[in-house]
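Visitor: No letters, just coordinates:
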C-alpha cells in the first residue's frame, strides 16, 4: 500500500521495450537507499512495481503487458521524470489516502488553468472510471493523492498547491497528455 504522497521525482535511466513487456530503470537517491531491497514495492507514477535489481541510487523493475495496457508507463522514455514512492511501512505515519498502486485506467488532461495560488487540472476519463469518482473524494493522478474538485459526465478536476507542483511530475504534463488514475 502507498499513501499518494510522492517522495521524489525519479528519472528514467533506461527502458527496454519488448513486444509485451518493458524493463524500467529509475534513478532516485531519495527512494533508493540502504533500506531498499530486491522484492520491495515502489510506485512509479502510481503503478506498483517490484524491484528486481539495484545499482547505486537506481532500481530496475519489470513491467508486464497488463500494466502497459492499463497505464501510461509504456510512453516513458530515457530522461522522463516519474513520481516515486516507497510502500508504506505498517508502523509508519499515514498521510494522503490509501493507494494500492493498481491503476484503474488512464485519463487525458483536457485543461490546465491557474486558480489563485493553485493550478486546476481537468481530466477526461472513461465513464466506467468516472462513475467511481466523487466530488471531494480522493483520487490518485500519476500516484499523487489529490482531492476531486468537480466531476461531470466526461471529466473531473483536481487542484494542486505550489508544494505539489514543485515536487511532482504534474507541472511537466500538458493538455492532451495521458495520466494514470486510481480511484478510491
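Guide: Noted; the coordinates are in hand. These numbers were taken from a predicted model, which means no experiment stands behind them.

Visitor: Can you pull out the residues in contact with the lowest-mean-pLDDT helix or strand in the chain?
Guide: Least confident helix or strand, the chain: helix 65-70 with a mean of 91, by mean pLDDT, DSSP states H and E. Helix 65-70 is contacted by residues 20-22, 47, 73-74, 103-106 when judged by C-beta atoms under 8 Å, 6 or more residues apart in numbering. Glycine gets a C-beta too; all of them are placed from N, C-alpha and C.

Visitor: how about a cut-off of 10 Å?
Guide: With contact meaning C-beta atoms under 10 Å, 6 or more residues apart in numbering, helix 65-70 is reached by 17-22, 47-49, 61, 73-75, 102-106, 180-181.

Visitor: And those residues, which of them are buried?
Guide: Neighbour counting by 16 or more other C-beta atoms under 10 Å classes 22, 47-49, 61, 73, 103-104, 106, 180-181 among the contacts of helix 65-70 as buried.

Visitor: can you give me the helices in this structure?
Guide: 65-70, 127-130, 162-167 (DSSP state H).

Visitor: out of those helices, nearest to residue 81?
Guide: Residue 81 sits nearest to helix 162-167 of all the helices of the chain, at 11.0 Å, using C-beta to C-beta.

Visitor: now the residue lying farthest from the centre of the chain: how far from residue 146?
Guide: Here the chain reaches farthest from its C-alpha mean at residue 116, the gap being 24.9 Å by C-alpha atoms, centre = their mean. Between residue 116 and residue 146 the computed distance is 17 Å (C-beta to C-beta, to the nearest Å).

Visitor: Ok, residue 172 next?
Guide: Plainly put, residue 172 is 16 Å away from residue 146 if you go by C-beta to C-beta.

Visitor: Could you check which of these two is surrounded by more residues?
Guide: Per other C-beta atoms under 10 Å, whichever of residue 172 and residue 146 has more neighbours is residue 146, with 23 against 11.

Visitor: Quickly list what the more buried one is bridged to.
Guide: residue 139 (DSSP bridges).

Visitor: OK, contacts around it?
Guide: For residue 146, the contacting residues are 4, 96-97, 121, 137-140, 156-160, 164, 168, 170, by C-beta under 10 Å, 6+ apart.

Visitor: at 8 Å what do you get?
Guide: Residues in contact with residue 146 (C-beta under 8 Å, 6+ apart) are 4, 138-140, 158-160, 164.

Visitor: Switch these over to TSV; also include neighbour count and distance to residue 43.
Guide: Listed next are those as TSV, based on neighbours: other C-beta atoms under 10 Å; distance: C-beta to C-beta, whole Å:
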residue	neighbour count	distance to residue 43
4	25	8
138	19	15
139	27	15
140	30	9
158	22	18
159	18	22
160	22	18
164	19	16
